[in-house]
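with the input below, show me the fold.
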Amino acid sequence: MGAEPNLHNIRLFGVVTTFGSPWWFVRLVAGDPGRKAMMRGVKPMCARGVKAFWLAQYDMDHADDNARQRFLAKVRRRLAAV
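Predicted coordinates for the structure are as follows:
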């Protein structure tokens, strides 16, 4: 018997995260475990038809200030739409 969805009041599910590795490593080599865990494991526990988004800053170990500022602007734009 699996887990029963019990977070019916959650209609928007979003993840904002950073990775030290580049996107290609996270997706191709590691299999994107964080995204899978959130979108396949937690999202189904929310309300039926929940809207979801995933915002990730990859290669944070090598990101300069400009890249970090662009990511923060992207996060602000997305959250402003909520």
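
and the helices in this structure?
23-24, 33-36, 65-80 (DSSP state H).

which residues of the protein fall in strands?
12-18, 51-57 (DSSP state E).

make TSV from these and add mean pLDDT to it.
Output for the strands of the chain, formatted as TSV (pLDDT from 0 to 100):
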stretch	mean pLDDT
strand 12-18	96
strand 51-57	97
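
who wins for proximity to Leu7 among the helices of the chain?
helix 33-36 (18.4 Å; CB to CB). The C-beta positions use only the backbone N, C-alpha and C, and glycine is treated the same way.

how about the strands of the chain in CSV, adding distance to Gly41 and mean neighbour count?
Below are the strands of the chain laid out as CSV (distance: least, CB to CB, whole Å; neighbours: other CB atoms under 10 Å):
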stretch, distance to Gly41, mean neighbour count
strand 12-18, 11, 15
strand 51-57, 12, 15
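
of all these, which one is nearest Glu4?
strand 12-18 (17.0 Å).

which strands and helices lie in contact with that closest one?
helix 33-36, strand 51-57, helix 65-80 (3 or more CB pairs under 8 Å, 6 or more residues apart in numbering; DSSP states H and E).

tilt between the second one and helix 65-80?
So the one you mean is strand 51-57. The directions of strand 51-57 and helix 65-80 differ by 170 degrees, with axes from the mean of the first three to the mean of the last three CA atoms, to 10 degrees as the criterion.

measure how strand 51-57 sits relative to strand 12-18, angle-wise.
Using the same axes, to 10 degrees: strand 51-57 against strand 12-18 is 10 degrees.

against which helices or strands is strand 51-57 packed?
strand 12-18, helix 65-80.

kind regards, and thank you for your time.
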